[in-house]
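>>> need a 3D model of the following:
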Amino acid sequence: MIEIQHLSKRYGSKLAVDDISATIRPGMVTGFLGPNGAGKSTTMRMMVGLDRPTTGSVTIGGRRYQQNSAPLHEVGALLEAKAVHTGRSAQNHLLALAATHGIPKKRVSEVIEMTGLGTVAKKRVGGFSLGMGQRLGIAAAMLGDPHTLILDEPVNGLDPEGVLWVRRLTRQLANEGRTVFLSSHLMSEMAQTADQVIVLGKGKIIADAPMSDIIAASTGNLVHVRTPQPAELARVVAGPDVSVTSRENGLLEVTGLDARQIGESAASAGIVLHELSPVNASLEDAYLELTNDAVEYRTEEVR
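Residues are numbered from 1 along each chain as shown. Coordinates of the predicted model:
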């Protein structure tokens, strides 16, 4: 379990992380989302002792990362996949890491096969693609068979097969009772992977909830209704908290009522319905809604 308590990080006049507290629990995948500059990478770096907090603390399994005598056995981290000596082969890089913790060579072979590096294990890392570098970083994180995984953008640069592999791996690790904490900009992938979601914006936590709750809160009872009598239906369902928007070909978008309530009102008024379907928001919809006021670097629409 990862415990974050009143954690802050200041760089000069900039408060990159602003008094955040959260608990990342074992047995589930916790996703970490936020716009560029929100403080995600800084938070993850503080978790593993690469940055010193200005205030507050992070403990993993009840201890600070620096207190672990053999950290690879406790915490596996992928923060900068390219932070590897480019003249070494992938195999030699992993062997060197293993030697620092007394990890047997057999385990090096296991993580090489696990991450699909078998055919390139003896090649120099300097010639690796971004995706292969990511696989090597994940192999290094898994080397000590740790109980906690902290992965910053683990699918960055991976092809579809690699993305699917990371999804299955993280789900498997969580099902084994491990703590899995990962960030990603791929909303569709995060929606299929994470159980819990923490959203950071301008250094503050703006959401910390189960994935289903995050998405449900954004849906807002939006229902698509198609009818040959749109004006009549709009009049029947009208109310102080109901919004009806007319689209093409008799399609109405109704918020403030659920599909059952709309269907019953239409039936009572003798209105024919050709479509009555709740519209579920995506994680991307929910994310954009949550972070609308927390985007530091915003692009303008080209006109």
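
>>> part of a helix, is residue 206?
No: checked against DSSP: H, G, I helix; E, B strand; the rest coil, residue 206 lies outside a helix; its state is strand.

>>> let me see the domain layout of this protein.
Domain assignment for the chain, taken from automatic domain parsing, gives 2-210, 221-280.

>>> which one of the ones you listed lies closest to residue 287?
domain 2-210 (5.9 Å; CB to CB). Every C-beta, even on glycine, is put in place using the N, C-alpha and C of the backbone.

>>> who does the one helix or strand residue 150 maps to pair up with?
Remark: residue 150 resides in strand 148-152, with elements defined by DSSP states H and E. Strand 148-152 sits in its sheet next to strand 75-78 (parallel), strand 179-183 (parallel), going by DSSP bridges.

>>> redo the domains of the chain as CSV? Include mean neighbour count.
Formatted as CSV, these follow (neighbours: other CB atoms under 10 Å):
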stretch, mean neighbour count
domain 2-210, 18
domain 221-280, 15
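
>>> and the residue of the chain most remote from its centre, how far from residue 232?
Distance from the centre of the chain peaks at residue 270, with 46.4 Å (CA atoms, centre = their mean). Look at residue 270 and residue 232: by CB to CB, to the nearest Å, they are 9 Å apart.

>>> leaving out the residues flanking it, which one is nearest to residue 116?
Among residues not flanking residue 116 along the chain, residue 135 sits closest, at 5.9 Å (CB to CB, 6 or more residues apart in numbering).

>>> show me where the stretch 151-300 of the chain has its strands.
Applying DSSP state E, counting those that start in this stretch to the stretch 151-300 of the chain gives strands spanning 179-183, 196-201, 204-210, 223-226, 243-246, 251-255, 275-278.

>>> now mean pLDDT too, for those, in a markdown table please.
Output for these, formatted as a markdown table (pLDDT from 0 to 100):
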| stretch | mean pLDDT |
| --- | --- |
| strand 179-183 | 96 |
| strand 196-201 | 95 |
| strand 204-210 | 94 |
| strand 223-226 | 94 |
| strand 243-246 | 92 |
| strand 251-255 | 91 |
| strand 275-278 | 92 |
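
>>> select, out of the ones you listed, the one closest to residue 71.
strand 179-183 (14.4 Å).

>>> between that closest one and strand 196-201, how many degrees?
Between strand 179-183 and strand 196-201, the angle comes out at 40 degrees (axes from the mean of the first three to the mean of the last three CA atoms, to 10 degrees).

>>> mind saving the C-alpha coords of strand 179-183 as CSV?
Output of strand 179-183 as CSV, limited to C-alpha atoms (Å, rounded to 0.1, in the frame of the first residue of the first chain):
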residue,chain,number,x,y,z
THR,A,179,-0.2,-2.6,-5.5
VAL,A,180,-0.2,-1.2,-9.0
PHE,A,181,0.0,2.6,-9.6
LEU,A,182,0.3,3.8,-13.2
SER,A,183,-0.1,6.9,-15.3
